[in-house]
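> model this:
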Amino acid sequence: MDRLDERHCPGEEFLQEARRLGESRKALLAFLDSLASIGKSRNFVNSDEYRGDICGVPVFVKTFSRRQFFIRLFYGRHCIRNEFRANAVINERGLARVATPYCLIGKETAAFQFIPNSGPLENPRHHGDFVVPGKEFFQELIEYVRALHSNGICHGDLRRANIIVGNDGHPWLVDTASAIVLPKHPGILGKYLFRCMEKSDMFSLAKIVFSYYPDWQDEELKQAYERQPFFLKAARYARHYLYALLRHKRRKTLKVK
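Here you go, the predicted structure:
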């Protein structure tokens, strides 16, 4: 399992610079402007993402610092800290390849290990030139997810965009902001929520694997695929009707003009 590269292990100079940036919102925003943007989200649900370096250390930066105050306070801070914590636990236990969390910069920003990669998994129906990884890639991915579940961790948002093909051909899991890490003594509600997210992870994993290899032989995945959780069905229908409503409103607006 890949661990933090000791050659780029953040030292005291790195941590001091991160603390300095975290103490001033103006300094942080200026720092972000100096980085290469990977993805700036147009909605409050997702963070902005950048790549660059701090004191010569390559970093991947996620931030909600450009969101409105209440969104940062009640949503962004939780997402950043939850992803930082989840990655730390996964990395420490060697359960899957995830970006090593370096440090929090203030309350709404985090710096992670930068992962050289060839991009996320793509849908072969929409990207005909995408080279589908071999079966060993997906077998390794399945082992990651099972290792997480057996250690009380759910990814929570398993989809193609959150599975990266590393430059070494191995899978990496990213965006664990929705992850669940069970405490040593979880309550009844925590256990129930974990079981729901576990089913969601397995259904999503099965759907992804079968989209590339329909003949994949794995009984657990087949059962997970055939038993789509009810809350995923409800979310799919809700999204369908929401999009239909938005399209209807857009057509009415165009007619008025």
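
> Domain parsing of this structure, as residue ranges.
Following automatic domain parsing, one gets these domains for the chain: 6-113, 117-240.

> could those domains go into JSON lines alongside mean neighbour count?
Every C-beta, even on glycine, is put in place using the N, C-alpha and C of the backbone. Formatted as JSON lines, those follow (neighbours: other C-beta atoms under 10 Å):
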{"stretch": "domain 6-113", "mean neighbour count": "17"}
{"stretch": "domain 117-240", "mean neighbour count": "16"}
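
> how about a markdown table for the ones you listed, with mean pLDDT added?
Shown next, in a markdown table, are the domains of the chain (pLDDT from 0 to 100):
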| stretch | mean pLDDT |
| --- | --- |
| domain 6-113 | 91 |
| domain 117-240 | 90 |
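
> ok, G22 touching I105?
Yes: the criterion here is C-beta atoms under 8 Å, and G22 meets it with I105 at 4.5 Å.

> any common contacting residues for those two?
Common neighbours of G22 and I105 (criterion: C-beta atoms under 8 Å, 6 or more residues apart in numbering): L28.

> Check which element follows the one helix or strand F84 maps to along the chain.
F84 belongs to helix 77-93 when elements are defined using DSSP states H and E. With elements assigned by DSSP H and E, the helix or strand that comes after helix 77-93 is strand 101-105.

> so the helix holding F84 versus strand 101-105, what angle?
Calculated by axes from the mean of the first three to the mean of the last three C-alpha atoms, to 10 degrees, helix 77-93 forms an angle of 160 degrees with strand 101-105.

> Which elements pack onto helix 77-93?
For helix 77-93, the elements it packs on are strand 57-63, strand 101-105, strand 109-113, strand 153-154, strand 180-181, judged by 3 or more C-beta pairs under 8 Å, 6 or more residues apart in numbering; DSSP states H and E.
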